[in-house]
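1. Return a 3D structure for these sequence lines:
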Amino acid sequence: MDFINEMENMFLQAVRGAVEPALWEAWWDAHAEQLKSHLSPGYFQRIKPGRPVDYASMCRSQEGVLYYFYRQGYPVENSSDYYKIKAEEEFKRRQEKRLQDYYERISPVMDAWEAFLAKHPVAPVAFDWQKRLGTPPGQAPDPSAQVPDPSGQIPALPHQVPAPPQSASPILPQDSQKENKSLMHLRLKENMQAKIAPLARAYGMKKAGPKTFVKEQNGIVSYLNFVGYFRGGGYEAIDYCICPLYDIRSHILNLPGDVMHGERRKEMLSGWGVIQFDLNGTDTEGINRKFDQILTFLAEEVFPCWEQIDCLEAFFAPERQALFQAMLAGPPDPIRECLLWDDRADAARPHPWGADEYLFGVWELLSGQEENGYERLTRCLEQGEPYIRQFQEKGDFTIENSLKDPMKLLYCNTQLFYKTSGQVGKDARRRAVLETYKYVCRYMRGFHKLERLPKK
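-> Below you'll find the model as predicted:
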């Protein structure tokens, strides 16, 4: 009986947050056999501290103690959030420590990339994008918003409006659906013009359509496109890519892992449906908030990274590739026994079309590394041989007929560059590669929407 009193007194102290993890662990280990004999297996497992015994473990034990008293017939209120507060602080410290260890581990490659950027400085873009957050200027009110009655009569409250008959269909009438879709398109347009377009212009991009922005600088293309939802709603996704002009927007070496898996991108993708479709009517405030998150992600993460890449040499810099390689695996997850992200398996897997061989093969040709470049182009053509044969049988395997088919365009360009290997003499091959590069880029400007597609 004396131990039961001691046990319940200790339980009450745990409810009040008066027992530190070390004391709770020592007391529990010292009385484990007695606790097993006085508690049912269910109570014992609920209250037993986890290992290691930290404040998160104390929160679980506290919940088990509260359940124990409740089932005994005299419930006790949780009078202290001490364990919860300390567990949150503990979690934050642990996460900061793991992030610090992660960035210390990859600091050599980060320092090397920073040193490269110091030798190739780029003027920063001055644009106060935070002023664009919130409600777009001049946003028209919702047509469904209640306006004052000029007659002075008090409008009916919701509970005073007669209920529809029981046979009424819950589906909105066709006219209401059209009104909602039109309102959604208006809200998307307002936010696009007030937030995304000014940011894109500040970074030198031009409009290539109502939802597409592009930029070319020294053979590098920046591309931003809001992909329309196939059922005529809002935007299904957002496509953002930086690549050489001759590339087909393969997204290789696009953005490092800490950007692609960072909190800004997660916030942007969370609740994307508010700008994708309008099943329950248009959520104006939700659309404004979502575009705020998109603007923040682009302005803080994407565009500053892109602005560092002002030429092909910077895009393919060994320091940049080493940074991407180091960031394929993220820091440890503080909750689960895994990494926050791990793209190493995907990176080791070759591109299904061989676009990586084409991308690096052409660059090696332009850099004077003929042997490696032609080997890469050969592997790309071997990988696409069944498709190339199919295109050739149709008799339209030319760059002019391939601009709307990325796979076809990839193999067509690869063949054009590979044919330069037939030139006799290194100087002749070099001239042929440069001429082919200019010819391909002329058409690729049409593919990237930088210019109108050349006439056939």
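2. Show me what the least confident helix or strand in the chain by mean pLDDT is packed against.
-> Ranked by mean pLDDT, DSSP states H and E, the weakest helix or strand in the chain is helix 174-191, scoring a mean of 78. Helix 174-191 is packed against helix 284-297, with contacts defined by 3 or more Cβ pairs under 8 Å, 6 or more residues apart in numbering; DSSP states H and E. Just so you know, the C-beta spots here come from the backbone N, C-alpha and C atoms, and that holds for glycine as well.
3. In CSV, list the C-alpha atoms belonging to the helix it packs on.
-> Extracted C-alpha coordinates of helix 284-297, given in CSV (Å, rounded to 0.1, in the frame of the first residue of the first chain):
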residue,chain,number,x,y,z
THR,A,284,-10.1,35.0,-53.1
GLU,A,285,-8.1,35.3,-49.9
GLY,A,286,-6.7,31.8,-50.4
ILE,A,287,-5.6,32.6,-54.0
ASN,A,288,-3.9,35.8,-52.7
ARG,A,289,-2.0,33.9,-50.0
LYS,A,290,-0.9,31.2,-52.4
PHE,A,291,0.5,33.7,-54.8
ASP,A,292,2.3,35.3,-51.8
GLN,A,293,4.0,32.0,-51.2
ILE,A,294,4.9,31.5,-54.9
LEU,A,295,6.3,35.0,-55.0
THR,A,296,8.3,34.4,-51.8
PHE,A,297,9.7,31.1,-53.1
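4. okay, the angle between it and helix 174-191?
-> On the basis of axes from the mean of the first three to the mean of the last three Cα atoms, to 10 degrees, helix 284-297 is oriented at 30 degrees to helix 174-191.
5. Contacts for whichever helix or strand comes after the least confident helix or strand of the chain next, please.
-> Note on helix 174-191: by DSSP states H and E, the next helix or strand toward the C-terminus is helix 197-202. Outside helix 197-202, the residues that touch it by Cβ atoms under 8 Å, 6 or more residues apart in numbering are 125, 126, 127, 129, 132, 207, 213, 224, 295, 298, 299, 303.
6. Derive a ChimeraX selection command for the buried subset of these.
-> Of the contacts of helix 197-202, the buried ones go into a single ChimeraX selection, burial set by 16 or more other Cβ atoms under 10 Å:
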select :129,132,213,224,295,298,299,303
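7. Among the contacts of helix 197-202, which pair sits farthest apart?
-> Farthest-apart pair in these is 126 and 207; separation 21.1 Å (Cβ to Cβ).
8. number of nearby residues for residue 349?
-> 8 (other Cβ atoms under 10 Å).
9. Now do it, the pLDDT please.
-> At residue 349, the model reports a pLDDT of 90.
10. So for stretch 374-389, what gets flagged as buried?
-> Buried residues in stretch 374-389, counting neighbours by 16+ other Cβ under 10 Å, are found at 374, 376, 377, 379, 380, 381, 383, 384, 388.
11. whoops, I mixed them up, stretch 320-335
-> 320, 322, 323, 324, 326, 327, 328, 329, 330, 331, 332, 334.
12. Report the separation between the two terminal residues of that stretch.
-> Stretch 320-335 has an end-to-end distance of 31 Å (Cα to Cα, to the nearest Å).
13. Contacts for stretch 433-453, please.
-> By Cβ under 8 Å, 6+ apart, stretch 433-453 touches 208-209, 212, 214, 216, 219, 221, 223, 245-246, 248-249, 362, 365-366, 399-400, 403, 406, 409, 413, 416-417, 419-420, 454.
14. List buried residues within those.
-> Judged by 16+ other Cβ under 10 Å, buried ones among the contacts of stretch 433-453: 208, 212, 214, 216, 219, 221, 223, 245-246, 248-249, 362, 365-366, 399, 403, 409, 413, 416-417, 420.
15. Residue 284 and residue 187 touch, don't they?
-> Yes: here residue 284 reaches residue 187: they are 5.6 Å apart, a contact under Cβ atoms under 8 Å.
16. ok so, going back, now the contacts of helix 197-202 in JSON lines, with pLDDT, distance to residue 19 and secondary structure?
-> Formatted as JSON lines, those follow (pLDDT from 0 to 100; distance: Cβ to Cβ, whole Å; DSSP: H, G, I helix; E, B strand; the rest coil):
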{"residue": "125", "pLDDT": "87", "distance to residue 19": "55", "secondary structure": "coil"}
{"residue": "126", "pLDDT": "87", "distance to residue 19": "56", "secondary structure": "coil"}
{"residue": "127", "pLDDT": "89", "distance to residue 19": "54", "secondary structure": "coil"}
{"residue": "129", "pLDDT": "92", "distance to residue 19": "50", "secondary structure": "helix"}
{"residue": "132", "pLDDT": "92", "distance to residue 19": "51", "secondary structure": "helix"}
{"residue": "207", "pLDDT": "92", "distance to residue 19": "64", "secondary structure": "strand"}
{"residue": "213", "pLDDT": "95", "distance to residue 19": "59", "secondary structure": "strand"}
{"residue": "224", "pLDDT": "95", "distance to residue 19": "55", "secondary structure": "strand"}
{"residue": "295", "pLDDT": "95", "distance to residue 19": "48", "secondary structure": "helix"}
{"residue": "298", "pLDDT": "95", "distance to residue 19": "49", "secondary structure": "helix"}
{"residue": "299", "pLDDT": "94", "distance to residue 19": "48", "secondary structure": "helix"}
{"residue": "303", "pLDDT": "95", "distance to residue 19": "51", "secondary structure": "helix"}
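17. Just name the closest of the contacts of helix 197-202 to residue 342, please.
-> Closest to residue 342, out of all of the contacts of helix 197-202 and judged by Cβ to Cβ, is residue 298, at 25.5 Å.
18. In helices, which of the contacts of stretch 433-453 fall?
-> 362, 365, 366, 406, 409, 413, 416, 417 (DSSP state H).
19. Quick check: pLDDT value at residue 145.
-> 50.
20. Poorly predicted segments of this structure, please.
-> 1, 140, 142-177, 230-232, 279-280, 453-456 (pLDDT under 70).
21. Distance from the chain centre to the longest helix belonging to it, please.
-> Taking DSSP H as the assignment, the helix of the chain that covers the most residues is helix 82-105. From the chain centre to the centre of helix 82-105 is a distance of 23 Å (Cα atoms, centre = their mean, to the nearest Å).
22. for that helix, packing partners?
-> Counting by 3+ Cβ pairs under 8 Å, 6+ apart, helix 82-105 packs on helix 55-72.
23. tell me which residues of the helix it packs on are tucked away?
-> Those buried within helix 55-72 under the rule 16+ other Cβ under 10 Å are 55-62, 64-66, 68-69.
24. In terms of distance to residue 19, which of those residues ranks first?
-> residue 58 (7.5 Å).
25. which ones are touching the closest residue to that closest one other than its chain neighbours?
-> Leaving aside its sequence neighbours, residue 58 sits nearest to residue 83 (Cβ to Cβ, 6 or more residues apart in numbering; 4.3 Å). Going by Cβ under 8 Å, 6+ apart, residue 83 touches 17, 55, 58, 59, 62.
26. got those residues as CSV, with distance to residue 446 columns?
-> Output for the contacts of residue 83, formatted as CSV (distance: Cβ to Cβ, whole Å):
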residue, distance to residue 446
17, 68
55, 61
58, 64
59, 60
62, 66
